[in-house]
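Colleague: Structure here, sequence nowhere to be found:
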């Protein structure tokens, strides 16, 4: 007669975790239908604050109930007084925990782009317009949460949530919230906020890719006469990322049009970085190589331009320049390039 195999603690936990995940998904959909999309900033009304006892609170309630049974069994007036005092303390803690969030104003305060695999630091601004201080407030997004902060009456604070990233594109939070367990950690009060929050995620730079092929460098050298730093060679339309020192401010004051100066010189170092020249098995690897080329060109002080797309995709190239603004513009273009499409390589390489 065969005996049934015993379940390991890991298997029991996985079996219990699935119903919890389903319940959490149902609650999230219900809250979204109930609240709808939120404005930015959002002021937390009392009706949207949820509160439940913590594990400590459940234990506290069971012990208080056990004391009530003992008091009734022995008909002890001092035991009744202690039991009712503890019950009243729990009710006061529940009221203050709920009140700790009511009237709070929450707004997404932005985030800097990061490379894929790094932690995105999302900033949130908490404002207390009330006359009472708020304690132990934390912002959370999924499994990530911020350090707890205290707000004085009429004060505000900025706190950060570290969200891990896995792939490039636009990181969007479907939902985030604020929670607190103050005071006594007997209850947990929280709110769900459905508003836009996120940041750009750049491709992960390749570790040791080959340098740009000679064909790309030669294309840059042929156009070096158009983009040096030695002799003035005319004006062109201004592009985001152009250094401020290259802007023709006198022309702007006279005509109201932003123009950038073009320079010619043999000492200019310039390269066109083209997606078609980047090696890799798929699009993501090729974008990682392009990302590394951009960082190396910027660190080397060279002018560089960026070409994306190919025969089937017409995307306006980013004209050669350098500087932090130009670097960010190029990396943003890599992050957004076909980020909403399924991962595939249409074979745009010649």
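Modeller: Everything's here; your move. Just so it is clear, the model here is predicted, and its values are computed rather than measured.

Colleague: What are the buried residues along the helix or strand encompassing residue 295?
Modeller: Per DSSP states H and E, residue 295 falls inside helix 283-299. Buried residues in helix 283-299, defined by neighbour count with 16 or more other C-beta atoms under 10 Å: 283-298. Using the backbone N, CA and C atoms, a C-beta is placed for each residue, glycine as well.

Colleague: of all the residues you listed, which comes closest to residue 253?
Modeller: Ranked by distance to residue 253 (C-beta to C-beta), those are led by residue 298 at 30.8 Å.

Colleague: Show me where the stretch 101-250 of the chain has its helices.
Modeller: For the stretch 101-250 of the chain, helices defined by DSSP state H, counting those that start in this stretch occupy the ranges 214-222, 249-255.

Colleague: same for the helix or strand residue 92 falls within, what does it pack against?
Modeller: If you go by DSSP H and E, residue 92 is part of helix 77-99. Where contact means 3 or more C-beta pairs under 8 Å, 6 or more residues apart in numbering; DSSP states H and E, helix 77-99 is packed against strand 50-53, helix 55-74, strand 187-193.

Colleague: Dump these to JSON lines, plus distance to residue 24 and mean neighbour count.
Modeller: Shown next, in JSON lines, are the helices and strands packed on helix 77-99 (distance: least, C-beta to C-beta, whole Å; neighbours: other C-beta atoms under 10 Å):
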{"stretch": "strand 50-53", "distance to residue 24": "13", "mean neighbour count": "14"}
{"stretch": "helix 55-74", "distance to residue 24": "17", "mean neighbour count": "14"}
{"stretch": "strand 187-193", "distance to residue 24": "11", "mean neighbour count": "21"}
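
Colleague: Looking at those, which is nearest to residue 38?
Modeller: strand 187-193 (5.3 Å).

Colleague: quick check, distance from that closest one to the centre of its chain.
Modeller: Between the centre of strand 187-193 and the centre of its chain there are 20 Å (C-alpha atoms, centre = their mean, to the nearest Å).

Colleague: Name the residues that touch it?
Modeller: Here strand 187-193 makes contact (C-beta atoms under 8 Å, 6 or more residues apart in numbering) with 28, 31-32, 35, 38, 42, 44, 48-54, 57, 93-94, 97-98, 100-101, 106, 140, 175-181.

Colleague: and what of stretch 145-161?
Modeller: Among residues not part of stretch 145-161, those counted as contacts by C-beta under 8 Å, 6+ apart are 104, 109, 121-141, 144, 176.

Colleague: How about stretch 35-44?
Modeller: 48, 101-108, 125, 127, 178, 191-196.

Colleague: What pLDDT is listed against residue 190?
Modeller: Residue 190 carries a pLDDT value of 94.

Colleague: where's it relative to residue 52, distance?
Modeller: To residue 52, residue 190 is 9 Å away according to C-beta to C-beta, to the nearest Å.

Colleague: on contacts alone, who are the packing partners of the helix holding residue 295?
Modeller: If you count contacts as 3+ C-beta pairs under 8 Å, 6+ apart, helix 283-299 packs onto strand 270-274, strand 303-307, helix 324-336.

Colleague: Buried residues, stretch 168-184. List them.
Modeller: 168-169, 171, 173, 175-182, 184.

Colleague: Among the residues you listed, which ones are in strands?
Modeller: Of these, the ones assigned to strands by DSSP state E are 169, 171, 176-180.

Colleague: Flag the shaky bits of the stretch 1-150 of the chain, pLDDT-wise.
Modeller: Low-confidence segments of the stretch 1-150 of the chain (pLDDT under 70): 1-18, 20.

Colleague: No more questions from me, cheers.
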